[in-house]
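Q: have a look at this prediction, sequence included:
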There are 4 protein chains.
Amino acid sequence: MKPDYPIEECGVFGVYGVPDAVPLIYRGLFSLQHRGQEGAGMVVSDGEIVKSSKGLGLVNEVLTKGSLDGLNGNLGIGHVRYSTTGSTRIQNVQPIVVECVDGIWAVAHNGNLVNASKLRRMYQEAGAIFQTSTDSEVLVHLLADPMYRTRPRRVARALSELEGSFSFLLMTKNCVMAARDRLGFRPLSIGKLGKGWVFASETCALTQVGAEYVRDVNPGELVVADSTTGLHSSVFADSEKDKLAQCVFELVYFARPDSVVFGENVHDIRLKYGMRLAEEYPVEADVVTPIPDSGNSAALGYSRKSGIPLDYGFIRNHYVGRTFIMPEANDRAKGVDMKLSVLKDVVNGKRVVVVDDSIVRGTTAQRRVEALRQAGAREIHVRISCPPTAHPCFFGIDFPTKEELVAGSKDVEKIREFIGADSLGYLSVKGLLSPLKNPSGFCVACYTGDYPVDISRMRGKKALEQFSPDLQLDTGS
Amino acid sequence: MKPDYPIEECGVFGVYGVPDAVPLIYRGLFSLQHRGQEGAGMVVSDGEIVKSSKGLGLVNEVLTKGSLDGLNGNLGIGHVRYSTTGSTRIQNVQPIVVECVDGIWAVAHNGNLVNASKLRRMYQEAGAIFQTSTDSEVLVHLLADPMYRTRPRRVARALSELEGSFSFLLMTKNCVMAARDRLGFRPLSIGKLGKGWVFASETCALTQVGAEYVRDVNPGELVVADSTTGLHSSVFADSEKDKLAQCVFELVYFARPDSVVFGENVHDIRLKYGMRLAEEYPVEADVVTPIPDSGNSAALGYSRKSGIPLDYGFIRNHYVGRTFIMPEANDRAKGVDMKLSVLKDVVNGKRVVVVDDSIVRGTTAQRRVEALRQAGAREIHVRISCPPTAHPCFFGIDFPTKEELVAGSKDVEKIREFIGADSLGYLSVKGLLSPLKNPSGFCVACYTGDYPVDISRMRGKKALEQFSPDLQLDTGS
Amino acid sequence: MKPDYPIEECGVFGVYGVPDAVPLIYRGLFSLQHRGQEGAGMVVSDGEIVKSSKGLGLVNEVLTKGSLDGLNGNLGIGHVRYSTTGSTRIQNVQPIVVECVDGIWAVAHNGNLVNASKLRRMYQEAGAIFQTSTDSEVLVHLLADPMYRTRPRRVARALSELEGSFSFLLMTKNCVMAARDRLGFRPLSIGKLGKGWVFASETCALTQVGAEYVRDVNPGELVVADSTTGLHSSVFADSEKDKLAQCVFELVYFARPDSVVFGENVHDIRLKYGMRLAEEYPVEADVVTPIPDSGNSAALGYSRKSGIPLDYGFIRNHYVGRTFIMPEANDRAKGVDMKLSVLKDVVNGKRVVVVDDSIVRGTTAQRRVEALRQAGAREIHVRISCPPTAHPCFFGIDFPTKEELVAGSKDVEKIREFIGADSLGYLSVKGLLSPLKNPSGFCVACYTGDYPVDISRMRGKKALEQFSPDLQLDTGS
Amino acid sequence: MKPDYPIEECGVFGVYGVPDAVPLIYRGLFSLQHRGQEGAGMVVSDGEIVKSSKGLGLVNEVLTKGSLDGLNGNLGIGHVRYSTTGSTRIQNVQPIVVECVDGIWAVAHNGNLVNASKLRRMYQEAGAIFQTSTDSEVLVHLLADPMYRTRPRRVARALSELEGSFSFLLMTKNCVMAARDRLGFRPLSIGKLGKGWVFASETCALTQVGAEYVRDVNPGELVVADSTTGLHSSVFADSEKDKLAQCVFELVYFARPDSVVFGENVHDIRLKYGMRLAEEYPVEADVVTPIPDSGNSAALGYSRKSGIPLDYGFIRNHYVGRTFIMPEANDRAKGVDMKLSVLKDVVNGKRVVVVDDSIVRGTTAQRRVEALRQAGAREIHVRISCPPTAHPCFFGIDFPTKEELVAGSKDVEKIREFIGADSLGYLSVKGLLSPLKNPSGFCVACYTGDYPVDISRMRGKKALEQFSPDLQLDTGS
């Protein structure tokens, strides 16, 4: 069974023109680890020889001293991949590295190509073979297609064939490219490091390697770093600023609070969500507590606006990992969690406001409420810093299905009942958009069901699986 | 080199009279993991056969499904051991399990026996052999000594020979015992679980397994759980409530905030330390930020008392583990930390109060201040929720040596200069003791140098090493 | 540096129509382990879902209980891959599994395609991408090529495009195919197991799984096992029995002595080689000893023919593996080997005939002679059961280069001098072919330099490397 | 269940006065690996600091580059331990290293102390604690006993208290000692290497490190190598040459054929056993085949004497290790072995003499006979190069119990029936002793039941287990 939270998507990181690419990519990926824990990989080139290392696991498990031995260069790209269960295959770990007529291409992808199935079938009809079950592989077929072969427009034309969400880093033996889909679903930032360039899903990775944030890759833009001076930009698809579909969930949940994403300071936005939530759903209470760490910023905002003091009602055990899970000790310890412990003294006899960033299945929220209740909380008021998540995402976030989403079938009052809280408040869509500089440039389809593009043929992962019933397929990244 | 923070000591956990001891001990140790990450072990008995599993590493690395295969029983004890470098030996991982004339004994120890060397030599003179280099091993020789063999007074008499700090869990094939030194240096709590008993270094472990906190083992008390009804208590050493030497550092730093230790609610005490610190060292500032997670509670207190808003100036990367450490990416990333990132927006242009629980070597504090400075902090005011740590501990905490402790040779102004802060305030000893119910019952020697017992022959680890120059020795636990 | 012996080539194994394919493939690959120790993999299908497991290492390291979990089916193929140094890549481990328009194809290859570079370039020109650096990957592009798409002749036509040596096992979700190049370089046998079929590089693998040997796949033949009754055979290339190029080195060295290869009983042929060698190079001596185990059969033959008693002059240490190699203990132990020890008593003061199957670099032979000398051997007469190996192989055997082959630059007398023997005799080419039923059907190019096909454009591995200078390439299998 | 062969006992290896002890001990243990595969360890000293590394597994698994890091010195001892199932404990791996009043002692033991239980209890009564469940641990208690403390006679007196079989290597920080029990059950040889000394269970280990064989440690002798010139010998127990109890099974089975053990050349003795067997049990047959490698020498002798040609009827798969064992493929492959394959051509239609060194449970012999039968052997004549093994060993060999030994309850004719052979011949006891130089100096109790010492209180492993019913105990070594 999938976990009871939105599965974080992939992260990409690349450098060009630096003295030693390997430690930079390592650190960059490490700071993007929250975007994907299933697999990690990096590809580097010294201008002639391209070498790669990848595997299943966390950055520090996969990219060990031994596995990086022999890799060196002054350009490279890396990828962290999200965690699914079961069909995980080493073949699907990115960057994908292939050889075609012009030499080596490596691809790292964050997003979900909604016309991947169509393109895959089209190329297969023409004789192509596919070795991964990711949507990302179609790009390399496009890149290798003789139709697109008059460089330099080749990559741009290939990208223009893709629909859906993508923030791509591409690499040949002597250049690195970055591209973002025309609706700008996923973030992608550019940084400057000495005379070289850095590309990253989030700015926190730029900071980690000491790079200076320059700007984002624009929606519909392809940026090329090569041996000529400066970056080269070209537009492969038209894009209008107020018709973008930037993923608001990056701000709500995915991105690290110390990142700037879509021009917004993540922590600051979450603080504002908490404040707004206090306005939309005020309550008389004694204490505000976050679910750490995802609810930290919003809880602070709620506390500030409401004047109700913040305190730490939950303590996080930092040693919880992908661990051998002991069965529950016994009935008496039901609701006792190995990851979060209730700080009894903080909540006992109190009216408690609990702030978190989302409810997915509802079972975890239920358990937290029960734990607070057992610890003596008198009233429990749950506040969620986004609207009810009721619709699937086809653009790169792996929610449970609509049936599994508690808000897919229950209204707020029924959810409140289900989780056992005394009150439950979700931030409104209006509240969600209000603090943003460009509110019309965001996709909020997971809350409204109002998708930014025609989804009649967009069935994401499902589509690919129907197409290839005899191979177990994973969605791209 | 040792890390720049006090090394956490050992943790002990035991159960008697429960249906299945193994998952309880696993979960108990897991919730005490912060007290020791070097090694872990458990010993269980079904009343006849005693089996054990132990090894170097974290609880979830050592006590795997495979290694626990075949272990079962209704009583048992476990241990987590702190991390040192270099001379770590599998032989030293506890519980120690031995066979003597009366059968099997297992011992788990938190503390430091200051007369271990003397006893070791005494027993060696009489022909005894030692197989570990821990101080804890002397207890089993005492237990096996024919002099003490008229049970039931045997264990009590053996314990009365020991000097220094100890919270012991002992076990035979059919009983579990708990004992605490007469000065009560280290905590040890008793819980009730159904018809059985639970013993743990901190109450957070009782909560984890669903046990109800009953009371602490008293200083100088031996408690026995066996097949007869109830617990049996005996006193092996006199103890006066206001002459105890309970370790105040457990409250300041070691214990988990959701534990009750020495009758004090840890989070609450730390909150009060922060408030007191605000009184002792007020400052005009824009924001208060903790060093997560160690400074969280005190920062909250400082913010509440001072009225300066709390915010999260640092973000913790949860994937930092015992990892392959890449060299620093480059000069530009100096001060950039893989564990804590500065949230630039929170501190840029601000006057920042940074609250943490201690400064050991000072190098980490220096790096944090530098990172804030780089992120644009206008003023940086460091507040520490305890007095300057200037003296070594002989009772179970592994600080760096006096030479390595920055407060061992520098006064506060010099430390401020060293770490580069605009101001630096340490909580006073008076402030440290003021919120405690029994202020005269605590050891504050690491701040004052005023040791609760004669230390002329107490040189802790060093002493043992001098005694056994030809074997690499580790201090007990 | 490569080891001082011919590197064993790949082995393939497949089953169709059996109750449980996984243990059969495991055991089949295990008995072919001598043909490749670098990597192993298997692919199985239940008629609908295709699943695979592969990795770097030995069969029992890669195909563990865990990695095979979830695999099941009644058809499947497997592969063991030879060991090289350095550029070993997980991507190159076979079977290759791809998806093309008709579904999944899996390919396992033993041999070396000499026109792989040409085909690779041709498909790349047309837009194809390659994800491995093996020559084998071109076959899947041929299979996916629309030109060949009118089944059932598709596979046959694809195979007819290939030049060089190949014994292929192919698999879709519901059938298994076996094919062998028109010159029959590499062996491939067919067995019957209940109602199902088994395919294997050597008959020893048929025996291992209890299958009955039926016949070999003919040179130029494609054999298909599917749900219709019986096997379906088709010819994709003309082949004449006395113009075959079956690899005589399989008989001399590669194949297991308990296999029947190219219709010849391997042990029996080697015994005859030893007897022939005794005729060609008789000597007065006291004892005949094999280099175990490679020289066992020939030594027995030499002893029988010459009447000189056989004895075991060398003992093999069975614990030598891919181990942490300690530096030599000291000068006094020079020539002392961790793998073979001399049995002093057998050789001391004796005139010794040492029989082995080949000399590659000569350094190992030199060391063995020295070891015998140190043990007191009076005379040392080396006999090799094949002619001097002086020419590279382009058809699937990875010898050192001509420069590294001692017989590439030295005549027999110089080699004798180099290894320090009193006499040295190599079997003649005539002697090599004489015991074979179809002597004109064998390739002996590594001895004569007389290649069975035009090698002007056949440069094997080298060719591929030149073609793809920016990717580190491994030869097929 | 234990395997169907006598479990090999421990091996010991030590050096004194060499430039670098670590690689020597590594290579020495490696060449003794056949004597024990359960665990390995080494202890070295530079004259001041004693360091050790040990663990469960083979030499090359345990003594890795990493685990040996930091070990160095010019003296040291090592141990390989035999493999048992289940109760294997890391604590029992040797050398045992302890600290007593005089400093560090390390002990490596091959043998079985029959009065270990008595001594263990005696010391426990006096207050001693035991941390292993090996019999060997009693020696260190004796060494630490103040009664024996007037050096230099201390060690000799301690040894004189021991009964049973022992070849000991002892070590302090600056000397190495070797001792052998008065009946000389287990071998122990002395070698010279430059100015230093080497001690080893078998001479093959001396050869491996380039040392020259000097002599054996005499029964009842203690040899000391220290900084004074030469070796120092003392006698701790009287011993008569023709009343020794040297283990004949070392010659029959345990020792490597290239060792000299008890003054006998192992391969030569086995060859003679085969010749004698041909005299005692002649048969008309077409071929003689050994079970490799244990029957190799005797089969050669049988062939020579009988004139029946030797051939290799079985091929050994060198990749069989401690591997994931697949269930048998199917019924058709019954009797098919992953370790030994029958060479059909050699036995088909033939009358075959199969020579091996022992039959333990009989089930393996049964399977081999069945495999030969399936391969077409017309007659199968089994010849065993020792008498029927019918009695347990209390002196260091871990046979199955008498109930499990097929010869414990069946006569030869019944065994023949059980294994399915056409005839079965065991070497006579007379034949066993006849080629030995000192036939009256050997223990043949496992064949005759005639034990060299009173066994009424000698119950080996069982005894220890009864004594410590609540700890799972392993016999020494």
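A: Yep, it's here.
Q: need the CA coordinates for the helix or strand where A:V140 lies. PDB is fine.
A: A:V140 is part of helix A:137-144 when elements are defined by DSSP states H and E. C-alpha atoms of helix A:137-144 as PDB (Å, rounded to 0.1, in the frame of the first residue of the first chain):
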ATOM      1  CA  GLU A 137      12.400   7.700 -22.300                       C
ATOM      2  CA  VAL A 138      10.400   9.100 -25.200                       C
ATOM      3  CA  LEU A 139      12.400  12.300 -25.100                       C
ATOM      4  CA  VAL A 140      15.600  10.400 -26.100                       C
ATOM      5  CA  HIS A 141      13.800   8.900 -29.000                       C
ATOM      6  CA  LEU A 142      12.700  12.300 -30.100                       C
ATOM      7  CA  LEU A 143      16.300  13.600 -29.700                       C
ATOM      8  CA  ALA A 144      17.600  10.800 -31.900                       C
END
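Q: for it, packing partners?
A: For helix A:137-144, the contact count by 3 or more CB pairs under 8 Å, 6 or more residues apart in numbering or on different chains; DSSP states H and E identifies strand A:96-100, strand A:103-113, helix A:116-125, helix A:153-160, strand A:164-171 as packing neighbours. To be clear about C-beta, it is placed using only N, CA and C from the backbone, and glycine gets the same treatment.
Q: possible to save those as CSV with distance to chain C and mean pLDDT?
A: Below are the helices and strands packed on helix A:137-144 laid out as CSV (distance: least, CB to the nearest CB, whole Å; pLDDT from 0 to 100):
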stretch, distance to chain C, mean pLDDT
strand A:96-100, 4, 91
strand A:103-113, 5, 92
helix A:116-125, 4, 89
helix A:153-160, 11, 87
strand A:164-171, 12, 95
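Q: mind putting the ones you listed in JSON lines, mean neighbour count and distance to B:D293 included?
A: Shown next, in JSON lines, are these (neighbours: other CB atoms under 10 Å in any protein chain shown; distance: least, CB to CB, whole Å):
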{"stretch": "strand A:96-100", "mean neighbour count": "23", "distance to B:D293": "39"}
{"stretch": "strand A:103-113", "mean neighbour count": "26", "distance to B:D293": "30"}
{"stretch": "helix A:116-125", "mean neighbour count": "20", "distance to B:D293": "42"}
{"stretch": "helix A:153-160", "mean neighbour count": "20", "distance to B:D293": "43"}
{"stretch": "strand A:164-171", "mean neighbour count": "27", "distance to B:D293": "32"}
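Q: follow-up on the earlier one: quick one: contacts of the helix holding A:V140?
A: Taking contacts as CB atoms under 8 Å, 6 or more residues apart in numbering or on different chains, the residues outside helix A:137-144 that touch it are A:96, A:98, A:100-102, A:105, A:107, A:109, A:113, A:116, A:119-120, A:123, A:128, A:130-131, A:148, A:154-155, A:158-159, A:161-162, A:168, A:170, C:124, C:127-129.
Q: determine the longest helix present in chain A.
A: Taking DSSP state H as the criterion, chain A has its longest helix at helix A:266-280.
Q: chain center to that helix, what's the gap?
A: 21 Å (CA atoms, centre = their mean, to the nearest Å).
Q: for stretch A:417-435, same thing?
A: Between the mean C-alpha point of stretch A:417-435 and the mean C-alpha point of its chain there is a distance of 22 Å (CA atoms, centre = their mean).
Q: ditto for stretch A:37-47
A: Distance of stretch A:37-47 from the chain centroid (CA atoms, centre = their mean) equals 18 Å.
Q: go on, stretch A:59-66?
A: Here the centre of mass of C-alpha atoms in stretch A:59-66, compared against the chain's by CA atoms, centre = their mean, lies 22 Å away.
Q: that stretch close to chain D?
A: No: taking CB under 8 Å from any CB of the partner chain as the criterion, stretch A:59-66 and chain D are apart, separated by no less than 11.9 Å.
Q: what does that stretch contact?
A: So stretch A:59-66 is contacted by A:26, A:29-30, A:33, A:39-42, A:53-56, A:80, B:319, B:321, B:323-324 (CB under 8 Å, 6+ apart).
Q: list the buried residues of that stretch.
A: By 16 or more other CB atoms under 10 Å in any protein chain shown, the buried positions in stretch A:59-66 come out as A:V59, A:N60, A:E61, A:V62, A:L63.
Q: same question, stretch A:231-245
A: A:L231, A:S234, A:F236, A:A237, A:S239, A:L244, A:A245.
Q: with stretch A:242-258 instead?
A: Under 16+ other CB under 10 Å, the buried positions of stretch A:242-258 are A:244-258.
Q: test my guess that A:S423 contacts A:H381.
A: Yes: with contact defined as CB atoms under 8 Å, A:S423 counts as touching A:H381 (4.6 Å).
Q: so between the two, which is more surrounded?
A: A:H381 (23 against 16; other CB atoms under 10 Å in any protein chain shown).
Q: give me the nearest residue to A:E284, chain neighbours excluded.
A: With CB to CB, 6 or more residues apart in numbering or on different chains as the measure, A:R351 is the residue that lies nearest to A:E284, at 6.7 Å, once sequence neighbours are left out.
Q: where does A:G14 land in three-state SS?
A: Recorded secondary structure, A:G14: strand (DSSP: H, G, I helix; E, B strand; the rest coil).
Q: residues contacting the residue lying closest to it once chain neighbours are set aside?
A: With sequence-adjacent residues excluded and distances taken as CB to CB, 6+ apart, A:G14 is closest to A:I77, at 3.8 Å. Neighbour list for A:I77: A:12-15, A:25, A:42-43, A:95, A:106, A:108, A:169-171, A:176, A:199 [criterion: CB under 8 Å, 6+ apart].
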